[in-house]
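Undergrad: coords please:
(one chain, ligands or ions: 2)
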Amino acid sequence: MAEPIILAIPKGRILVETLPLLAAVGVVPEAAFSDESSRALRFATNRPDIGLIRVRAFDVATFVAHGAAQLGIVGSDVLDEFDYSELYAPVDLNIGHCRLSVAEPAELAEGDDPREWSHVRVATKYPNLTARHFAARGVQAECVKLNGAMEIAPVLGLSSRIVDLVSSGSTLKANGLVEVEVITQVSARLIVNRAAFKTRAAEIVPLVEAFRRTVAAKTGVRAA
Ligand SMILES: Nc1ncnc2c1ncn2[C@@H]1O[C@H](COP(=O)(O)OP(=O)(O)OP(=O)(O)O)[C@@H](O)[C@H]1O
Ligand SMILES: O=P(O)(O)OC[C@H]1O[C@H](OP(=O)(O)OP(=O)(O)O)[C@H](O)[C@@H]1O
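TA: Ligands and ions are numbered 1, 2, ... in the order given. Below you'll find the model as predicted:
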């Protein structure tokens, strides 16, 4: 039998929303997959032709772009940050909804107008996306790369502004920050390695179609 198709799934928030989606597609992981304390990284499923790996959100795109996994589930924030030409993102999974925004301390926001900035220093996990966004309107962005806890940067003087994901807004609020500009809306996507999509089409196309149908059924939209 051919090697199983590997589907890369991110740890963290998207994992919780991914499990029901996978079940609806007919892929049921072995029990250890949902056990956060399990140290395993690779998991079998009820389908002998499909295996799963559980990796960090940013690494899902890297594994799939390099063909180490054939498919993956990842936020559009990660896709926009890396802009990998090897990735095809055929299905918006309608999970992991949030937005990427610029935020700053509430006191600074009073009387501040982002449209008047010519230079901005931000702490962010998304330096490429941020620089591109500001460059498009002639603003020079100086990015300090962090991997988490961006919201603490302004109060400690690392940068007065941040670019980070916002959903309920409670993390910003808890740290005295307010959203001053939305850069982009985010949702999770099914991604496919372009080369694998051609060489293993017989296995991958039905899976992509199963995801497409499942999402369409959940959202009440007819599959195209
Ligand atoms: N507040 C949120 N609401 C909805 N979706 C989110 C939210 N925060 C992040 N996401 C989505 O989930 C993905 C993973 O985010 P998460 O915060 O779980 O990763 P992380 O913990 O920062 O990653 P890492 O594994 O590198 O530590 C993001 O890329 C984004 O698409
Ligand atoms: O607007 P909210 O609903 O408060 O969500 C926003 C938070 O969610 C994400 O972090 P997450 O909690 O996933 O953990 P992380 O800091 O480890 O990335 C993001 O980085 C924000 O900190």
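
Undergrad: contacts for the helix or strand of the chain with the lowest mean pLDDT?
TA: Least confident helix or strand, the chain: helix 13-25 with a mean of 93, by mean pLDDT, DSSP states H and E. Residues from elsewhere that reach helix 13-25 (C-beta atoms under 8 Å, 6 or more residues apart in numbering): 9-10, 28-29, 34, 54, 57, 73-75, 93, 95-96, 188, 207, 210-211, 214-215, 217-218. Placement of C-beta: from N, CA and C, glycine included.

Undergrad: is the longest strand seen in the chain positioned near ligand 1?
TA: Longest strand of the chain, by residue count under DSSP state E: strand 177-186. Yes - residues of strand 177-186 contacting ligand 1 under C-beta under 6 Å from any ligand atom: residue 186.

Undergrad: among the contacts of helix 13-25, which ones are buried?
TA: 9-10, 29, 54, 57, 73-75, 93, 95-96, 188, 207, 211, 214-215 (16 or more other C-beta atoms under 10 Å).

Undergrad: closest one to residue 126 out of these, please.
TA: residue 75 (10.7 Å; C-beta to C-beta).

Undergrad: the closest one and residue 43, how far apart?
TA: 21 Å (C-beta to C-beta, to the nearest Å).

Undergrad: on that earlier part again, now the angle from the helix or strand just after the longest strand of the chain to helix 13-25?
TA: Once the chain leaves strand 177-186, the next helix or strand it forms, by DSSP states H and E, is strand 188-193. With axes from the mean of the first three to the mean of the last three C-alpha atoms, to 10 degrees defining the directions, strand 188-193 sits at 70 degrees from helix 13-25.

Undergrad: strand 188-193 packs against which elements?
TA: Where contact means 3 or more C-beta pairs under 8 Å, 6 or more residues apart in numbering; DSSP states H and E, strand 188-193 is packed against helix 13-25, helix 57-65, strand 71-75, helix 76-82, strand 87-92, helix 201-219.

Undergrad: give me every residue in this protein lying close to ligand 2.
TA: With C-beta under 6 Å from any ligand atom as the criterion, the chain comes near ligand 2 at residues 12, 13, 148, 149, 164, 165, 166, 167, 168, 169, 170, 171.

Undergrad: so what's the first one closest to, chain neighbours aside?
TA: Here the nearest residue to residue 12 in space, its sequence neighbours aside, is residue 57; by C-beta to C-beta, 6 or more residues apart in numbering that works out to 6.1 Å.

Undergrad: buried residues, stretch 99-110. List them.
TA: Going by 16+ other C-beta under 10 Å, stretch 99-110 has these buried residues: 99, 100, 101, 102, 103, 104, 105, 109.

Undergrad: go on, stretch 2-10?
TA: Buried residues in stretch 2-10, defined by neighbour count with 16+ other C-beta under 10 Å: 4, 5, 6, 7, 8, 9, 10.

Undergrad: just the ones of the residues you listed in strands?
TA: 5, 6, 7, 8, 9, 10.

Undergrad: for the closest residue to ligand 1 within the chain, give the beta-bridge partners.
TA: Here the chain gets closest to ligand 1 at one residue, residue 75, 1.9 Å apart by C-beta to the nearest ligand atom. In this structure, residue 75 bridges to residue 188 when assessed by DSSP bridges.

Undergrad: CSV please, covering the buried residues of stretch 99-110 and showing secondary structure and pLDDT.
TA: CSV is the format used below for the buried residues of stretch 99-110 (DSSP: H, G, I helix; E, B strand; the rest coil; pLDDT from 0 to 100):
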residue, secondary structure, pLDDT
99, strand, 98
100, strand, 98
101, strand, 98
102, strand, 98
103, strand, 98
104, strand, 98
105, strand, 98
109, helix, 96
